[in-house]
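Q: okay, sequence plus prediction incoming.
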Amino acid sequence: MNLESHPTNRLSGEVTCPGDKSISQRILIIGSLLNCDIKISGFLDAEDPNSTMMALNNLGSSIKKDNDKVMISHRSKPFTNPSSCLDLGNSGTGMRLLTGFISGLNLVATLTGDDSLSKRPMSRVVDPLTAMGKKISTNSGKAPIQIQGGNIKDNFEYVMPIASAQVKSSLMLAALSSGKSIKITEPKVTRDHTERMIQYFDGSIEILESSQDKTIFFKSSKLSQISSYEIVGDFSSAAFIIVAALISKNSEVLIKNVGLNETRSGLLEVLLKMNANIEIVNKRQTCNEDCGDIIIKSSKLEGINVPNSIIPNIIDEIPILSIAACFARGQTTINNASELKVKESDRLHATSMGLKAMNIRHDLLDDGLIINGTQDDVEIHEEIESFGDHRIAMSFLIAGLRSKNGVKVRDCSNIKTSFPNFSMIMNNLGMIINE
């Protein structure tokens, strides 16, 4: 499916942020382990969380969904080996987290995915799980992942060579589901939804931070059962709306119920450094996650050197940040982002190709981008290739706001993995996106 985005005069209105994809997947996993009746609201009804839900049901969970409402029911039987391969589709989060969770349950299972997911690195979770005592095989470090046996060691200690919330969460879920303790040290702070959720269910988590790293101690503990859980909005989805309002003219948009977890919302800090007109109101906590409402107004953005230390916090937002940089005065430099090469696409290359089609002067670095912004609207004569990547597709559709002649983005079907109502929400605010 190809989509076209057309220039518009202004964006205005309010929208409720779609549920957080990362939290949606984690509550399905941990909620299934709790084995009680739980009503979940705010669930992201998208392909990635849905593939995780189906995989859990194939293990014996009892999960039913009605749009953004989910019901996890008490199981009368323990988890069992699945009768067929668990297909995680395009969900790297689902595959990596379930690999840890299933390892801890001591089940035998094979996890597969689509062509894109089958190219992504899985050794980063398989290697430490193997060191924890599991027998796991892969296709040269990639899917399919075959979990075959072995027992999780107690009091395992692991120093992560790269900053990855998915790896950290996979190992914590392995410890949690096996009833073991674990100590994990990460070189840079990564998103902490798993820790927060375990704490919310009264699990024992101790965190020590230093200037060099962060250490998480999970002590084997019985989690408390609950009857309901509310998922806050996905900041990564809100990011597209935020940048759209900033770069469009005479615009003001209110986004309600946005997750503001400090390990996820670093893009706000970057945009404020770029002179963005952003206000956060109605701050609160929901199920141990910070959230609030965001008011965004059109802004004259300034290029900056993005601090290296914040890159792990904004890794998913760098494509849409690049669009903001296109229409900022001066130069924006992004380094320390080589992790983008192993996402759903090589996002550095994909972003660079899109910028080239927009005639935006830029340099593609080995670990980032240097983008020279313009105050003018741009002419885009080439179709932009999304490389099957939802974040690339949505980012360049947002860029159509500042085009003279619109933009056509190829292969946008993957938007359904994370933000299925993207076009409808943006059109309700004043954009014109169509096939």
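A: Ah, there it is. Numbers count the residues shown, from 1 in each chain.
Q: what sits against residue 159?
A: Applying C-beta atoms under 8 Å, 6 or more residues apart in numbering to residue 159 gives the contacts residue 185. Placement of C-beta: from N, CA and C, glycine included.
Q: all the helices of this structure, residue numbers only.
A: Here the chain has its helices, by DSSP state H, at 21-34, 47-59, 92-105, 123-131, 165-178, 193-200, 235-247, 266-273, 318-326, 347-357, 390-399, 422-429.
Q: take these and write them to TSV, including distance to residue 83 and mean neighbour count.
A: Putting the helices of the chain into TSV (distance: least, C-beta to C-beta, whole Å; neighbours: other C-beta atoms under 10 Å) gives the following:
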stretch	distance to residue 83	mean neighbour count
helix 21-34	18	25
helix 47-59	7	23
helix 92-105	14	27
helix 123-131	23	19
helix 165-178	20	26
helix 193-200	28	22
helix 235-247	34	26
helix 266-273	42	20
helix 318-326	39	27
helix 347-357	36	22
helix 390-399	31	29
helix 422-429	35	18
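Q: can you tell me which of those is nearest to residue 225?
A: Set against residue 225 and scored by C-beta to C-beta, the helices of the chain come closest in helix 21-34, at 5.4 Å.
Q: elements contacting the closest one?
A: strand 38-41, helix 47-59, strand 69-72, helix 92-105, helix 165-178, helix 193-200 (3 or more C-beta pairs under 8 Å, 6 or more residues apart in numbering; DSSP states H and E).
Q: picking that back up, export the helices of the chain to JSON lines and tack on mean pLDDT and distance to residue 186?
A: Formatted as JSON lines, the helices of the chain follow (pLDDT from 0 to 100; distance: least, C-beta to C-beta, whole Å):
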{"stretch": "helix 21-34", "mean pLDDT": "97", "distance to residue 186": "16"}
{"stretch": "helix 47-59", "mean pLDDT": "97", "distance to residue 186": "23"}
{"stretch": "helix 92-105", "mean pLDDT": "97", "distance to residue 186": "15"}
{"stretch": "helix 123-131", "mean pLDDT": "97", "distance to residue 186": "12"}
{"stretch": "helix 165-178", "mean pLDDT": "97", "distance to residue 186": "6"}
{"stretch": "helix 193-200", "mean pLDDT": "97", "distance to residue 186": "11"}
{"stretch": "helix 235-247", "mean pLDDT": "98", "distance to residue 186": "20"}
{"stretch": "helix 266-273", "mean pLDDT": "97", "distance to residue 186": "16"}
{"stretch": "helix 318-326", "mean pLDDT": "97", "distance to residue 186": "20"}
{"stretch": "helix 347-357", "mean pLDDT": "95", "distance to residue 186": "22"}
{"stretch": "helix 390-399", "mean pLDDT": "97", "distance to residue 186": "23"}
{"stretch": "helix 422-429", "mean pLDDT": "98", "distance to residue 186": "31"}
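Q: turn these into JSON lines, columns for distance to residue 8.
A: Below are the helices of the chain laid out as JSON lines (distance: least, C-beta to C-beta, whole Å):
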{"stretch": "helix 21-34", "distance to residue 8": "27"}
{"stretch": "helix 47-59", "distance to residue 8": "28"}
{"stretch": "helix 92-105", "distance to residue 8": "33"}
{"stretch": "helix 123-131", "distance to residue 8": "42"}
{"stretch": "helix 165-178", "distance to residue 8": "35"}
{"stretch": "helix 193-200", "distance to residue 8": "34"}
{"stretch": "helix 235-247", "distance to residue 8": "10"}
{"stretch": "helix 266-273", "distance to residue 8": "21"}
{"stretch": "helix 318-326", "distance to residue 8": "15"}
{"stretch": "helix 347-357", "distance to residue 8": "20"}
{"stretch": "helix 390-399", "distance to residue 8": "11"}
{"stretch": "helix 422-429", "distance to residue 8": "9"}
